[in-house]
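Student: just the structure for this:
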Amino acid sequence: MSEIIFEVQHDEMEGAYTATALGHGIVTQGESLEELRQMVKEAVRCHFAEGNSAPVPKVIRLHFVRDEVLVA
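Tutor: Okay, the predicted model is just below:
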């Protein structure tokens, strides 16, 4: 595997970001985008180092999901 994709959601009420890996049991969060990026890298290293025979992905892709609310 050369790439892993995370779906990122921003909780506007809390201000935090949550990233969930697609196809893997990895979830992490951060108070800012910079903190989230660091937490994602750390979570990926930990996940693939813990007895996982798969190599650490070379690319981590963050896919940002944004909801837009319209008032009628």
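Student: most centrally placed residue in this structure?
Tutor: Geometric centre of the chain, nearest residue: residue 19, 2.9 Å, by C-alpha atoms, centre = their mean.
Student: who's that one bridged to?
Tutor: Beta bridges link residue 19 to residue 8, residue 28 when assigned by DSSP bridges.
Student: test my guess that it contacts residue 8.
Tutor: Yes: using C-beta atoms under 8 Å, residue 19 makes contact with residue 8 at a distance of 4.8 Å. Just so you know, the C-beta spots here come from the backbone N, C-alpha and C atoms, and that holds for glycine as well.
Student: shared neighbours of those two, which are they?
Tutor: 36, 62 (C-beta atoms under 8 Å, 6 or more residues apart in numbering).
Student: contacts for stretch 54-72, please.
Tutor: In contact with stretch 54-72 (C-beta under 8 Å, 6+ apart) are residues 1-10, 19, 36-37, 40-41, 44-45, 48-49.
Student: out of those, which are buried?
Tutor: Neighbour-count burial (16 or more other C-beta atoms under 10 Å) is assigned, among the contacts of stretch 54-72, to 4, 5, 6, 8, 9, 10, 19, 36, 37, 40, 44, 48.
Student: could you list the low-pLDDT ranges of this structure?
Tutor: 1, 50-52 (pLDDT under 70).
Student: tell me where the chain has helices.
Tutor: In the chain, the segments counted as helices under DSSP state H are 33-49.
Student: just to revisit the earlier point, show me what contacts the residue nearest to the centre of the chain?
Tutor: Contacts of residue 19 (C-beta under 8 Å, 6+ apart): 6, 7, 8, 27, 28, 29, 30, 36, 39, 40, 43, 62.
Student: taking the buried ones among the contacts of stretch 54-72, tell me the two that lie furthest apart.
Tutor: 10 and 48 (26.0 Å; C-beta to C-beta).
Student: quick one: the residue lying closest to residue 17 once chain neighbours are set aside from residue 14, how far?
Tutor: Ranked by C-beta to C-beta, 6 or more residues apart in numbering and with sequence neighbours excluded, the top spatial neighbour of residue 17 is residue 36, at 4.4 Å. Residue 36 is 13 Å from residue 14, where distance means C-beta to C-beta, to the nearest Å.
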